[in-house]
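J.: I would like to see how this sequence folds:
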Amino acid sequence: MSAPHSEPHSAPGSTPPPAELREEVTRLEAKSATAARLFDIRRIIGGLFTVYGVIVTVAGLLASDAELRKAQGININLWTGLAMLALGLLFLLWMRLRPAQPPAAPPETD
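T.: Residues are numbered from 1 along each chain as shown. I've put the predicted structure just below:
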């Protein structure tokens, strides 16, 4: 049998030096922050409401007189589209002003 190595890096499963651990933690925290921003539900909701708001607003702007008579003179597509557009833009503004933060790491224990 061979004697075990005295170097902490040579054995599989050994822990790397503290500097390497800090770099790894920093890299993982950056990835976590990116994932938190990428999958922020406000981005999805805001984007969908904005796109659908534009579509419905355009449909309201292009409404015929017959369609307006069916809605008792109220251009419901225009008003609904503008409301959806405003809501979508508010969600996107909220996301921009208050970006998502990844959960805080638990405190280290010695």
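
J.: Any regions of the chain where pLDDT drops low?
T.: Applying pLDDT under 70 to the chain picks out residues 1-16, 30, 32-38, 102-103, 105, 110.

J.: Try it again at 50.
T.: Applying pLDDT under 50 to the chain flags residues 6-8, 10.

J.: Grab the most central residue of it for me.
T.: D40 (2.2 Å; CA atoms, centre = their mean).

J.: ok, that residue touching Q101?
T.: No - counting by CB atoms under 8 Å, D40 stays clear of Q101, with 10.3 Å between them. Every C-beta, even on glycine, is put in place using the N, C-alpha and C of the backbone.

J.: so who does the residue nearest to the centre of the chain touch?
T.: 95, 99-100 (CB atoms under 8 Å, 6 or more residues apart in numbering).

J.: Now list the buried members of these.
T.: Listed as buried from those are M95; burial here means 16 or more other CB atoms under 10 Å.

J.: List just the nearest of the contacts of D40 to G60.
T.: Ranked by distance to G60 (CB to CB), these are led by M95 at 26.4 Å.

J.: isn't the closest one right up against I44?
T.: No - taking contacts as CB under 8 Å, M95 lies outside contact range of I44: 9.9 Å.

J.: neighbours of P18, just the number please.
T.: By other CB atoms under 10 Å, the residues close to P18 number 8.

J.: now do A83
T.: The burial count for A83: 14, using other CB under 10 Å.

J.: in the helix or strand encompassing it, what counts as buried?
T.: Element membership for A83, per DSSP states H and E: helix 76-97. For helix 76-97, a neighbour-count test (16+ other CB under 10 Å) marks 77-78, 80-81, 84-85, 87-88, 91-92, 95 as buried.

J.: Repeat that for stretch 67-77.
T.: 68, 75, 77.

J.: quick one, what contacts the second one?
T.: Residues touching N75, when contacts are defined by CB under 8 Å, 6+ apart, comprise 60, 63, 68.

J.: can you list those in JSON lines and add secondary structure and distance to T50?
T.: Shown next, in JSON lines, are the contacts of N75 (DSSP: H, G, I helix; E, B strand; the rest coil; distance: CB to CB, whole Å):
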{"residue": "G60", "secondary structure": "helix", "distance to T50": "16"}
{"residue": "A63", "secondary structure": "coil", "distance to T50": "21"}
{"residue": "L68", "secondary structure": "helix", "distance to T50": "25"}
